[in-house]
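J.: no sequence for this one, just the structure:
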């Protein structure tokens, strides 16, 4: 998908929660299963990063944008 197509999808959502989910999937490269298990404790707002518990119990840290 092009960046423009993703922006169209993000702006077509009806609420804030759905926009956040789509942005997590696209910008952080998260899988659907990873997003469903995301917890507020996994987000470090000061360092601006998300700790993702992925497939096979592997953990990775990704930065996030505004």
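T.: Looks like it came in fine. Note that the structure is predicted; figures quoted are calculated from it, not measured.

J.: residues contacting the residue positioned nearest the centre of the chain?
T.: The centre of the chain sits closest to residue 24, judged by C-alpha atoms, centre = their mean, with a distance of 1.5 Å. Shown in contact with residue 24 (C-beta atoms under 8 Å, 6 or more residues apart in numbering): 30, 35, 38, 50. C-beta here means a position set from N, CA and C on the backbone, and glycine is covered the same way.

J.: Name the next helix or strand downstream of the helix or strand hosting it, please.
T.: Assessed by DSSP states H and E, residue 24 sits inside helix 16-27. Using DSSP H and E, the helix or strand that follows helix 16-27 in sequence is helix 32-36.

J.: thinking again about what came up before, how about the contacts of residue 24, which pair is most distant?
T.: 35 and 50 (10.2 Å; C-beta to C-beta).

J.: of the two, who's got more company?
T.: More crowded of residue 35 and residue 50, by other C-beta atoms under 10 Å: residue 50, with 19 against 15.

J.: isn't that one right next to residue 61, touching?
T.: Yes - with contact defined as C-beta atoms under 8 Å, residue 50 reaches residue 61; the gap is 7.1 Å.

J.: can you confirm residue 50 is in a strand?
T.: Yes - membership of residue 50 in a strand is supported by DSSP: H, G, I helix; E, B strand; the rest coil.

J.: any idea how far it is from residue 11?
T.: The gap separating residue 50 from residue 11 is 23 Å, by C-beta to C-beta, to the nearest Å.

J.: Then residue 57?
T.: Taking C-beta to C-beta, one finds residue 57 at 36 Å from residue 11.

J.: Can you read off the pLDDT for the residue lying closest to residue 21 once chain neighbours are set aside?
T.: Nearest residue to residue 21 in three dimensions, chain neighbours excluded: residue 35, at 6.0 Å (C-beta to C-beta, 6 or more residues apart in numbering). With respect to pLDDT, residue 35 scores 87.

J.: quick one, what contacts the closest residue in space to residue 22 that isn't next to it in sequence?
T.: Distances taken as C-beta to C-beta, 6+ apart put residue 10 closest to residue 22, at 5.4 Å, once the chain neighbours are dropped. If you count contacts by C-beta under 8 Å, 6+ apart, residue 10 has them with 19, 22-23.
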